[in-house]
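> sequence first, predicted coordinates after that:
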There are 2 protein chains.
Amino acid sequence: MTYCVAMRLRAGLLFASDTRTNAGVDHIASFRKMYQFQIPHLREIVILAAGNLATTQSVISLLNQRLNGDGEHLLNVPSLYDAAVLLGRTLKEVVHRDGDDPHNHGVDFGANFLIGGQIKGEGPRLFHVYPQGNFIEATEDTPYFQIGESKYGKPIIDRVIRYETTALDEAAKCTLVSFDSTIQSNLSVGLPIDMLMLRANQFEQAMQPPHRIERDDPYFLSLRTGWSAGLRKVFDDLPNEPWFQT
Amino acid sequence: MTYCVAMRLRAGLLFASDTRTNAGVDHIASFRKMYQFQIPHLREIVILAAGNLATTQSVISLLNQRLNGDGEHLLNVPSLYDAAVLLGRTLKEVVHRDGDDPHNHGVDFGANFLIGGQIKGEGPRLFHVYPQGNFIEATEDTPYFQIGESKYGKPIIDRVIRYETTALDEAAKCTLVSFDSTIQSNLSVGLPIDMLMLRANQFEQAMQPPHRIERDDPYFLSLRTGWSAGLRKVFDDLPNEPWFQT
């Protein structure tokens, strides 16, 4: 399984993904799930992927391979909306190619993608592309999307993230707490974590690779320890159910 | 959907369930999901149910109806293990009766149950009965089970609950925090919450109905407020990701 989060806030965009891939519990490997497409100072696009690894890798390979062709590709589409359309179309192409064989009945070839970024001329945008190739866009009311093993880490995001007021560093902290809750409760999500932040209208950050948070990252370790101890203290300080004292 | 939790600790057993049933989002109703079977001073058995409401109600009706017959039933089985076998068999009976019609293809008739309690002569026990009718038993290493919408509320239970050391009132508090996280993130789980506690070797508590926590329950309200404010303070006090300050 996988856990990926992306947020579109007034301050900019934040992307994070784990790197664990598994088929069953004894075939575990580490794969990057974050992909960048960019033209310096003009466009930065980030894609996060969850689902069938053969499908997600094929989709990314085709998107990359076509960057040099004459047709529509991620570096020439006029808007991020068109980038989402292109991603959805490529996903359907791969799923039909690999999944239409009647012998493959019962195998899930599906995948979910988050695609976000900014193309000069429009503001930052973020989309969730479904396995069917259609997609939804993040709004001010719902400024974040999760794909993969999303439920364990959802409560803290719901409590903290607000489009207007959440700063990017606060969003990064919240995202790491959300990953911590997920990793604690689910074996199939694992470190390292890749993070990327795109400040609105800056067009500079995607020229670096994502920030990678390894198992021994001192900040993440201190965050995990502090969060765990803090939660425990809040919990212990809350009064017990009075019904139980009878 | 539904959210139910049961725990078997050294101190005793704790059961909790929400009361929301829905088919889609506009057919919402309130149904009890906790059922008690008891002989004063000799046995107390509690069942929690999640899944197809027609199936769970039929299973409980058959279990109740057969209490007056000559065959095996919940008030005469010699052990809680046998109670779990009986529950699993009754579940399969209902699923086959209602689900075998080929016109019903695609409808999920399945259900999950938690069954726990104590029968004089053995210690408290707790089982999770799967839709297939087989089951697993809680151990000291894994002292709790959840059924229904379980993921949102799992992290806090993983952090707090320990078989040897967790007291029942602490377990009740943890359970309500777990329900709070679930209710915040998932529309299909709703108040009121039913709770029941069975202290080990006491055989007295199940003679009362479950404790019902309504929307305006002052303890639950203060717990929600205190937990939310406390979490937020712990979160705010944690340092921000230093990478973001560059």
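Structure's in. What do you need?
> where does chain A dip in pLDDT?
Low-confidence segments of chain A, defined by pLDDT under 70: A:21-30, A:205-207, A:244-246.
> any idea how far A:Leu221 is from the nearest residue to A:Leu191 once chain neighbours are set aside?
Closest residue to A:Leu191 apart from its sequence neighbours, by Cβ to Cβ, 6 or more residues apart in numbering or on different chains: A:Arg215 at 4.8 Å. For the C-beta atoms, the positions are set from N, CA and C on the backbone; glycine is no exception. Taking Cβ to Cβ, to the nearest Å as the measure, A:Arg215 and A:Leu221 are separated by 9 Å.
> equivalent analysis for A:Pro242, please.
Distance of A:Pro242 to A:Leu221, given as Cβ to Cβ: 38 Å.
> contacts for whatever helix or strand A:Arg97 lives in, please.
For A:Arg97, the host element (DSSP states H and E) is helix A:80-99. Helix A:80-99 is contacted by residues A:45, A:47, A:54-55, A:58-59, A:62-63, A:72-74, A:77, A:104, A:107, A:109-111, A:113, A:115-119, A:122, A:125, A:127, A:129-135, A:137 when judged by Cβ atoms under 8 Å, 6 or more residues apart in numbering or on different chains.
> can you rerun that using 7 Å?
Contact with helix A:80-99 is made by A:45, A:47, A:54-55, A:58-59, A:62-63, A:72, A:74, A:77, A:109-111, A:113, A:115, A:117, A:119, A:122, A:125, A:127, A:129, A:133-135, as judged by Cβ atoms under 7 Å, 6 or more residues apart in numbering or on different chains.
> residues near A:Leu198, how many?
26 (other Cβ atoms under 10 Å in any protein chain shown).
> my reading is that it lies in a strand. Confirm?
Yes - counting by DSSP: H, G, I helix; E, B strand; the rest coil, A:Leu198 is found in a strand.
> against chain B, how distant is it?
Distance, A:Leu198 to chain B, by Cβ to the nearest Cβ, to the nearest Å: 12 Å.
> quick check: bridge partners of that residue?
With DSSP bridges as the criterion, A:Leu198 is bridged to A:Leu13.
> my read is that it contacts A:Ile119, right?
No - A:Leu198 is not in contact with A:Ile119 according to Cβ atoms under 7 Å; the separation is 11.6 Å.
> out of the contacts of helix A:80-99, list just those in strands.
Among the contacts of helix A:80-99, DSSP state E puts A:Ile45, A:Ile47, A:Ala111, A:Phe113, A:Ile115, A:Gly117, A:Ile119, A:Arg125, A:Phe127, A:Val129, A:Phe135 in strands.
> what bridges to the fourth one?
When you say that, I think you mean A:Phe113. A:Ala49, A:Val129.
> roughly how far does it sit from A:Leu86?
Separation of A:Phe113 from A:Leu86 (Cβ to Cβ) stands at 11 Å.
> who's more crowded, these two?
Legend: neighbour count by other Cβ under 10 Å for A:Phe113 and A:Leu86, higher for A:Phe113 (29 against 20).
> that one reaches A:Val129, doesn't it?
Yes - the pair A:Phe113 and A:Val129 qualifies as a contact (Cβ under 7 Å) at a distance of 4.2 Å.
> so who does A:Asn134 touch?
A:Asn134 is in contact with A:Gly88, counting by Cβ under 7 Å, 6+ apart.
> and it, what are its phi and psi?
Main-chain torsions, A:Asn134, degrees, to the nearest 10: phi -80, psi 180.
> do A:Gly148 as well
When read as degrees, to the nearest 10, the backbone of A:Gly148 gives phi 80, psi -140.
> that one contacts A:Ala16, doesn't it?
No - contact status for A:Gly148 versus A:Ala16: not in contact, 11.3 Å apart, counting by Cβ under 7 Å.
> so which of the two has more stuff around it?
Ranked by neighbour count (other Cβ under 10 Å), A:Gly148 and A:Ala16 place A:Ala16 first, with 27 against 23.
> and the more buried one, what element?
strand A:12-17.
> what does chain A put close to chain B?
A:151-152, A:154-155, A:158-160, A:168-170, A:172-173, A:176-177, A:181, A:184-185, A:197, A:211, A:219, A:223, A:226-228, A:230-232, A:234-235, A:238, A:240-245 (Cβ under 7 Å from any Cβ of the partner chain).
> next step: those restricted to strands.
Those of these lying in strands (DSSP E): A:Met197, A:His211.
> apply the buried test to the residues of chain A next to chain B and list what passes.
Buried by 16 or more other Cβ atoms under 10 Å in any protein chain shown: A:151-152, A:154-155, A:159-160, A:168-170, A:172-173, A:176-177, A:181, A:184-185, A:197, A:211, A:219, A:223, A:226-227, A:230-231, A:234-235, A:238, A:240-241, A:244, out of the residues of chain A next to chain B.
> which residue ranges form the helices in chain A?
Taking DSSP state H as the criterion, chain A carries its helices at A:53-65, A:80-99, A:154-160, A:168-185, A:218-237.
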